[in-house]
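In: Fold the following for me, if possible:
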Amino acid sequence: MVAVFIVIFAISLWLIIEGAEKFTDGLLEASAAFGISSFTLGFLFNGFDPDNLAVGIAGAIQGLPGISMGTAIGAAVFLLTFAAGITAILWPLRVDIPRRLIIVTLLSPLPMAALGLDGVLSRSDGTVLLIVSLALIGYVVRTTRWHPLFKLDEKQIEEVVAAPERPRWWAPAVMIGGTIAIVIGAALFNWSVRGILRALDWDETMFGMIIVAAAVSVEEIFRMFVPARQGRAEVVIGNIMGTILFFVLFNVGVIALIHPLPLERSVLGFYWSFMMAALVAISIFLWRRRIGRTAGGLLMGGYVIYLGLAVGGGYQLTG
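Out: Residues are numbered from 1 along each chain as shown. As a prediction, the model looks like this:
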């Protein structure tokens with residue numbers, strides 16, 4: 001029976017990821033006409049990850065808060081350590097990011113931690129997080145208007161958006177189809193996760209922070225590989241910064257607004273703390289305008305340590 005749950009789990013992830021990709025394609029095509037920089041494309045459209053959000057909402061509604069937090073905190077750890085690390089090892093990243101944006105990204109997880117100190121993220125907490133996220137997103141987008149890095153590059157936008165002309169209804173139809181796939185996938189995902197947890201007697205929070213986080217974020221690796229290989233480090237960094245801000249503020253805010261999230265002590269005591277350590281490391285590298293192969297190796301090593309502590313139960317020392 002476990003094999004059946006695992007197969008359904010894999011199918012649900014495929015549906016969610018494919019649906020998210022189609023949704024993003026439609027969104028990019030619909031938005032390209034307004035003309036925005038490649039950094040902003042990476043920040044907004046890679047940062048907003050509907051598959052993570054859908055899985056997080058489904059987990060919260062069905063009483064699996066560990067799964068929900070895994071799609072935010074666990075996925076952020078995976079992005080900051082494994083995905084960013086392997087990308088930098090293969091293609092070292094050199095980019096000049098305004099330091100104010102580095103600071104904004106570094107501070108973005110703090111509101112969630114402050115509001116969760118009482119052991120629950122309530123609907124009112126979710127509202128606060130959502131408002132803060134929209135304010136910071138607006139600030140970042142506004143900043144992109146003046147910095148030379150963010151000047152509109154028509155050639156880069158054409159590379160991101162499919163060239164062939166299509167009828168006006170095409171992009172909305174793709175977005176609707178992607179949304180349907182995400183909803184169906186999220187329902188199957190929730191059912192399969194419950195079955196796996198019951199059959200194997202695994203800890204829900206650890207499963208969410210490691211297995212679910214990596215599964216729903218694996219496409220981030222490929223979203224980073226392509227621009228890094230093309231020498232467009234600003235897209236990669238935009239992806240990282242946007243994803244962190246969206247995950248820990250926007251996504252958690254939406255999820256808590258829909259359904260309050262009780263938090264185990266390990267969520268803030270270990271998982272959130274490790275995420276912040278990884279974010280501090282990334283921020284230091286960005287402050288120096290380079291994430292080289294050595295830095296990438298350190299980030300990858302951090303992910304190995306993270307897995308060892310989580311799987312080995314070391315996180316229990318903090319909670």
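In: going forward, measure contacts and count neighbours with C-alpha atoms only.
Out: Noted.
In: Helix or strand: which one has residue 48?
Out: Here residue 48 sits in a region with no helix or strand, counting by DSSP states H and E.
In: Do I have it right that it meets residue 242?
Out: Yes - using CA atoms under 8 Å, residue 48 is in contact with residue 242, at 7.4 Å.
In: Looking at these two, which is more packed in?
Out: Taking neighbours as other CA atoms under 10 Å, residue 48 and residue 242 compare with residue 242 leading, 25 against 22.
In: what about the more buried one, which SS state?
Out: Put simply, residue 242 is helix when judged by DSSP: H, G, I helix; E, B strand; the rest coil.
In: beta partners for residue 262?
Out: Beta bridges link residue 262 to residue 120 when assigned by DSSP bridges.
In: tell me the pLDDT at it?
Out: pLDDT, residue 262: 94.
In: gap between it and residue 67?
Out: Using CA to CA, to the nearest Å, residue 262 is found at 12 Å from residue 67.
In: When these two are compared, which one has more neighbours?
Out: residue 67 (28 against 20).
In: What segments of the stretch 151-300 of the chain are strands?
Out: Ranges of strands in the stretch 151-300 of the chain, per DSSP state E, counting those that start in this stretch, are 261-262, 290-291.
In: Arrange those strands in a markdown table, one row each, with distance to residue 196 as further columns.
Out: Compiled in a markdown table, those are given as follows (distance: least, CA to CA, whole Å):
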| stretch | distance to residue 196 |
| --- | --- |
| strand 261-262 | 21 |
| strand 290-291 | 38 |
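In: Comparing the ones you listed, which stretch has the densest surroundings?
Out: strand 261-262 (a mean of 24; mean count of other CA atoms under 10 Å).
In: What lies in contact with it?
Out: For strand 261-262, contacts defined as CA atoms under 8 Å, 6 or more residues apart in numbering pick out 60, 65, 119, 120, 121, 122, 255.
In: Buried subset of the residues you listed, written for ChimeraX?
Out: Under the burial definition 16 or more other CA atoms under 10 Å, those of the contacts of strand 261-262 that qualify are selected in ChimeraX by:
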select :60,65,121,122,255
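In: nearest to residue 142, of the contacts of strand 261-262?
Out: Distance to residue 142 across the contacts of strand 261-262 (CA to CA) is lowest for residue 255, with 26.3 Å.
In: Please list all residues in contact with the closest one.
Out: 53, 56, 57, 60, 68, 126, 261.
In: what's the following helix or strand after the host helix or strand of the fifth one?
Out: To tie it back to what came earlier, the one meant is residue 68. Element membership for residue 68, per DSSP H and E: helix 65-69. Under the assignment DSSP H and E, the closest C-terminal helix or strand after helix 65-69 is helix 75-78.
In: Check which helices and strands that following helix sits against.
Out: helix 213-229, helix 273-287 (3 or more CA pairs under 8 Å, 6 or more residues apart in numbering; DSSP states H and E).
In: Tabulate the ones you listed (TSV), appending distance to residue 6.
Out: Putting these into TSV (distance: least, CA to CA, whole Å) gives the following:
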stretch	distance to residue 6
helix 213-229	12
helix 273-287	28
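In: Residue 130: which of those is closest?
Out: With respect to residue 130, and counting by CA to CA, the nearest of these is helix 273-287 at 19.9 Å.
In: avg pLDDT for that closest one?
Out: The average pLDDT for helix 273-287 rounds to 96.
In: which helices and strands sit right next to that helix?
Out: helix 75-78, helix 99-107, helix 293-312.
In: what's the closest of the strands of the stretch 151-300 of the chain to residue 99?
Out: Among these, the nearest to residue 99 by CA to CA is strand 290-291 (13.0 Å).
In: List the residues that contact the most centrally placed residue in the chain.
Out: What sits nearest the mean C-alpha location of the chain, by CA atoms, centre = their mean, is residue 243, with 4.3 Å. Listed by CA under 8 Å, 6+ apart, the contact set of residue 243 reads 43, 46, 47, 48, 49, 76.
In: try residue 267
Out: With CA under 8 Å, 6+ apart, residue 267 has these contacts: 69, 205.
In: one step back: in a markdown table, list the helices and strands packed on helix 273-287 along with distance to residue 131 and mean neighbour count.
Out: Shown next, in a markdown table, are these (distance: least, CA to CA, whole Å; neighbours: other CA atoms under 10 Å):
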| stretch | distance to residue 131 | mean neighbour count |
| --- | --- | --- |
| helix 75-78 | 20 | 29 |
| helix 99-107 | 15 | 16 |
| helix 293-312 | 31 | 18 |
